[in-house]
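*Asks:* give me the fold of what follows.
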Amino acid sequence: MMPSFGRDLSNGLENVPVLIETNTSEDSFPKFQYSPESVQGPGCEVDPSEVTLPGCSCRSQTCLPDSCPCLCFGQAYTSKGRLAEQREDKADQSYSQPVFECNVLCECSESCQSRLVQSGLKVQLGAFRTQDRGWGVLALEQIPRGSFVCEYAGEVIGFQEARQRQLSQTSDDMNYIIAVQEHRGGQEFSRTFVDPAAVGNVGRFLNHSCQPNLVMVPVRVHSLVPRLALFTRRDVEMGEELTFDYSGGHVANTSTHGLEAQVDTGALQRKECRCGALNCSGFLPLDISVLH
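*Replies:* Modelled structure (predicted):
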């Protein structure tokens, strides 16, 4: 039976209210500052809100992938406002390229289909208390495959800050830091660290699954700093819990790591995975690269 939901977690900051399960007191709910988008944190040299990408000169209602410079570097959205799939013959689709959206400097219209993630939340979501995995997120409506659900927003921090925060945690602390590594060709990689512990959005409540229904895709809008957008990998039913793979195992050329390593007298402790999937690995993903 689906729980009932009440007040708006976002306090009106989202296009669509993000609801919290009823009978949840403010004292029992995690304390953090809600932000629909990521903000600059310690060690991040570029403000995610700063416009650092050039705009296109397309003067059409919507930009075309073959002619718009914004759409020449990665995937484009479909006319239905969904993430385009690379191979129609694969039922278990993986998305391998980043996305560049048109931005504030572009001359195309505000209704251009390349302006999706920047338009914010469009689906109804609810934060609820799971039986054994803390808080989670339910889809409160049906969501078609390839649809944008929400960002994983938080503080964008540098490597040293991520390392320091990780090392300061105890086994009882919740860890929300996600490290996204993008392959830039050859031996070049770029890494983005996002921590929604103090500042974040509904994405901070998404649980891991070894068989997720969401996929994380780096989307660049106005800045070179990617927005970590979550799209549906398949059709999602109303009342279904939304999850993604913290290890990034379902995204080629991009890896995401929930930094789940816990440091205790020099030993790394792995946390049990309780996703319930048939292919469950038994443990949450572990990324120790930030500890070196």
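
*Asks:* state the phi and psi torsions of residue 119.
*Replies:* When read as degrees, to the nearest 10, the backbone of residue 119 gives phi -80, psi -10.

*Asks:* now do it against residue 110, distance only.
*Replies:* Residue 119 sits 9 Å away from residue 110 when distances are taken as C-beta to C-beta, to the nearest Å. From N, CA and C alone the C-beta is placed, and that goes for glycine too.

*Asks:* do the same with residue 49
*Replies:* Counting by C-beta to C-beta, the gap from residue 49 to residue 110 is 18 Å.

*Asks:* again, but for residue 174
*Replies:* Taking C-beta to C-beta as the measure, residue 174 and residue 110 are separated by 38 Å.

*Asks:* one step back: between residue 49 and residue 110, which one's more packed in?
*Replies:* residue 49 (13 against 8; other C-beta atoms under 10 Å).

*Asks:* pretty sure the more buried one contacts residue 221?
*Replies:* No. Here residue 49 does not reach residue 221: they are 9.9 Å apart, not a contact under C-beta atoms under 8 Å.

*Asks:* nearest residue to residue 15 other than its sequence neighbours?
*Replies:* residue 120 (4.9 Å; C-beta to C-beta, 6 or more residues apart in numbering).

*Asks:* show me what contacts the one you found?
*Replies:* Contacts for residue 120 (C-beta atoms under 8 Å, 6 or more residues apart in numbering) come out as 14-15, 36.

*Asks:* distance-wise, check residue 160 relative to residue 100.
*Replies:* When distance is defined by C-beta to C-beta, residue 160 is 28 Å away from residue 100.

*Asks:* in terms of neighbours, single out the busier of the two.
*Replies:* residue 100 (23 against 12).

*Asks:* tell me what that one is bridged to.
*Replies:* residue 220 (DSSP bridges).
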